[in-house]
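Novice: I need the structure of the sequence given here:
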Amino acid sequence: MESSGNWLARYHRGQRGAVWHELRQLGSAVREPGRLEEAQLVCDEMARRARQNIEVIIERLSSAGYRFHSNDNDQAPVPPHIPPTAAAAGLAQWLEGRFDAVPMTMLSWLRLVGDVWLVGTHPQWKESAAGDPLVIELEGSRWPDEPMQRYFEGELEAWGEWPGADRMFVLPLAPDRIHKMNVSGGPPYGIVLPDGCADGLFVGETTMPFVSYLNWAFSHGGFPWPTAPDNHWQLKKALAKDLLPL
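Specialist: The predicted structure follows:
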């Protein structure tokens, strides 16, 4: 394994898969002095690239007449992206204190990306929510009067009351793909906590590293779930054109 001082440079050179593999292999040892700072730079660069992708997708969807709205019968307008607020740093600190260890990629997202909600309706794709549009709402900016700390505490308390509480706790970040279609579905998508690794595990339709999930979503223009009719792939391909791999 190359020294940690090369991770960011190698990431920029396109060796992203190898860098993420090495960071994940280290587990919580990635936080040791001499590794932590460089690993955080990689995670922050990932977040900046992700934010750029999100801004591009939103611009393309908006230009096509896409309506971003709530996943209910009202279909009230919803801002597709709310950048991090001044409260983001405090929430990051609270998460690390409450759960002992939080994946670095998740904290980078919180500090640098913000909340994302791509649920809506496309003029050529009335059931676009069936494509499982990307949603990551970690700061909860749509609900400024409801602190996310209180919500997360409630979720943790409910998790502890279920039998077999030795199972992993998943911090909820998004409704599942069925709820996005305004249908009663399963548990929300989220990140497994505690986890001291650089990149955490994202639990959705399946469990995979958070960055892998984001790459999958961006490679499909923000709508990673297969849908019918087949011509929807053309819309996804146009949305995904030239997006940055993470």
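Novice: which other helices and strands contact the helix ranked longest in the chain?
Specialist: Determined from DSSP state H, the single longest helix within the chain is helix 36-63. Helices and strands touching helix 36-63, as assessed by 3 or more CB pairs under 8 Å, 6 or more residues apart in numbering; DSSP states H and E, comprise helix 7-12, helix 16-26, strand 81-82, helix 104-112, helix 210-219, helix 232-240. (Glycine included, C-beta is placed from N, CA and C.)
Novice: list the buried residues in that helix.
Specialist: 38-40, 42-47, 49-51, 53-54, 56-58, 60-61 (16 or more other CB atoms under 10 Å).
Novice: identify the bridge partners of the residue nearest in space to the middle of the chain.
Specialist: Nearest to the mean C-alpha position of the chain, by CA atoms, centre = their mean, lies Ile136 at 4.6 Å. On the basis of DSSP bridges, Ile136 is bridged to Val116.
Novice: how much space separates it from Glu38?
Specialist: Ile136 sits 25 Å away from Glu38, taking CB to CB, to the nearest Å as the criterion.
Novice: what's the answer for Tyr189, then?
Specialist: Counting by CB to CB, the gap from Tyr189 to Glu38 is 29 Å.
Novice: hmm, Asn182 and Ser73 touching each other?
Specialist: Let me fix one detail, which is that residue 73 is Asn and not Ser. Yes: here Asn73 reaches Asn182: they are 6.8 Å apart, a contact under CB atoms under 8 Å.
Novice: who's more crowded, those two?
Specialist: More neighbours surround Asn182 than the other of Asn73 and Asn182, with 16 against 7 (other CB atoms under 10 Å).
Novice: what about that one, which SS state?
Specialist: coil (DSSP: H, G, I helix; E, B strand; the rest coil).
Novice: what residues does it make contact with?
Specialist: Asn182 is in contact with 71-73, 129, counting by CB atoms under 8 Å, 6 or more residues apart in numbering.
Novice: and the two most separated of the residues you listed?
Specialist: Spatially, the most separated pair among the contacts of Asn182 is Asn73 and Ala129, at 12.9 Å (CB to CB).
Novice: thinking again about what came up before, let me know whether the residue nearest to the centre of the chain touches Ala174 as I believe.
Specialist: Yes: using CB under 8 Å, Ile136 is in contact with Ala174, at 6.0 Å.
Novice: number of nearby residues for the closest residue to Pro123 other than its chain neighbours?
Specialist: Excluding its sequence neighbours, the residue lying closest to Pro123 (CB to CB, 6 or more residues apart in numbering) is Gly65, at 4.6 Å. Gly65 has 10 neighbours, counted by other CB under 10 Å.
Novice: also Met208?
Specialist: Neighbour count for Met208, taken as other CB under 10 Å: 15.
Novice: again with Pro175
Specialist: Using other CB under 10 Å, Pro175 has 21 other residues around it.
Novice: contacting residues around it?
Specialist: Applying CB under 8 Å, 6+ apart, the residues near Pro175 are 71, 135, 185, 188-189.
Novice: top of those residues by neighbour count?
Specialist: In terms of neighbour count, Val135 stands highest of these at 24 neighbours, by other CB under 10 Å.
Novice: not counting sequence-adjacent ones, nearest residue to that residue?
Specialist: Ala174 (3.8 Å).
Novice: bridged to that neighbour, which residues?
Specialist: Here Ala174, judged by DSSP bridges, has bridge partners Tyr189.
Novice: I figured it was touching Gly186, is that so?
Specialist: No: using CB under 8 Å, Ala174 is not in contact with Gly186, being 12.0 Å away.
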